[in-house]
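Chemist: Pasted the sequence and its predicted model underneath.
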Amino acid sequence: MPTKNDKMKIKVNEDGPYTVTGSIPLADQILVPDAEGLSVRWHKGKEYPIQKEYDLCRCGHSINKPFCDGTHCEIFFDGTETASRKLFIEQIEPKTTGPELVLTDVVALCASARFCDRAGGVWDNTRASDNSEAKKIAVQEVWDCPAGRLVLHDKNGKLIEPEFEPSIGLVLDPVIPVLGPIWVRGGIPVEAANGTVYEIRNRLTLCRCGKSTNKPFCDGKHENAE
């Protein structure tokens, strides 16, 4: 798993925004759906000018989205962090084991990006991973999962993860339509309001609608937030 990047950080402010430091690139990331509304790939949208430091809205009510405009103070936003501090490996649901792949899953981290249900679903494709096409689809479904809810290992226990440059994506979902979570990539540390650092991961999603019950992480509540 990623090691700490000391030059970059996302700070969760108590009942306030995320303060991003370290000149982290920021861009819209758009879900591309199939005819059934299931996501098949990502499309990179608007790229924002690089800033050494910036504040991203966490309450969902800024009129200057994605940036904070202080509205959280006016609405008395409750940004209390409720996410487990357990490591990913300690939260895994029962594993799905196939002949070539092992799928691990932490349902609490689901950001409802809808990649995992296409083409028969990642669970069935993992079970059929001795088939080269099923294996290819399973890997792609997992790699496209922005939250890192789903993680794959090969049959020898080797982690199978995409390589990401440290960056932040602002998820846009044209199917709902709604603004999705903040997609953090490449091992950027996320520091809690109390100063502790959450497990550093290759990919994770932070809530930006203010409705998650798993703050600071997204739990899919944005689907009903607007």
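Modeler: Sure thing, it's come through. Source: prediction; values computed, not measured. Numbering: from 1, shown residues only.
Chemist: Please report how far Thr80 lies from Ser62.
Modeler: Between Thr80 and Ser62 the distance is 19 Å, computed by C-beta to C-beta, to the nearest Å. Glycine gets a C-beta too; all of them are placed from N, C-alpha and C.
Chemist: Compare the two and say which is more crowded by neighbours.
Modeler: Legend: neighbour count by other C-beta atoms under 10 Å for Thr80 and Ser62, higher for Ser62 (19 against 10).
Chemist: Need the per-residue pLDDT for that one.
Modeler: Reading off the confidence values, Ser62 has pLDDT 98.
Chemist: dump the residue contacts of it.
Modeler: Counting by C-beta atoms under 8 Å, 6 or more residues apart in numbering, Ser62 touches 68-69, 71-72.
Chemist: And Glu165, by the same measure?
Modeler: Glu165 sits next to 25, 185-186 when contact means C-beta under 8 Å, 6+ apart.
Chemist: Can I get the buried part of these as one PyMOL selection?
Modeler: Only the buried members of these end up in this PyMOL selection, burial being decided by 16 or more other C-beta atoms under 10 Å:
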select buried, resi 25+185+186
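Chemist: could the contacts of Glu165 go into CSV alongside secondary structure?
Modeler: CSV is the format used below for the contacts of Glu165 (DSSP: H, G, I helix; E, B strand; the rest coil):
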residue, secondary structure
Pro25, coil
Arg185, strand
Gly186, coil
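Chemist: now, which of the contacts of Glu165 sits nearest Leu38?
Modeler: Using C-beta to C-beta, Arg185 is the member of these that lies nearest Leu38, at 21.9 Å.
Chemist: So the closest one sits against Phe164, correct?
Modeler: Yes - in this structure, Arg185 sits in contact with Phe164. The criterion is C-beta atoms under 8 Å, and the distance is 3.8 Å.
Chemist: Mind listing the shared neighbours of those two?
Modeler: Counting by C-beta under 8 Å, 6+ apart, the shared contacts of Arg185 and Phe164 are 202-203.
Chemist: quick one: the helices in this structure?
Modeler: Residue ranges of the helices in the chain, as given by DSSP state H, are 71-74, 122-127, 132-144.
Chemist: ok so, going back, which one of the contacts of Ser62 is nearest Gly180?
Modeler: Within these, distances to Gly180 taken as C-beta to C-beta reach their minimum at Cys68, with 17.7 Å.
Chemist: Tell me how many other residues surround that closest one.
Modeler: So Cys68, with other C-beta under 10 Å, has 22 neighbours.
Chemist: just Cys59 next, same as before
Modeler: Cys59 is surrounded by 24 other residues when neighbours are defined as other C-beta under 10 Å.
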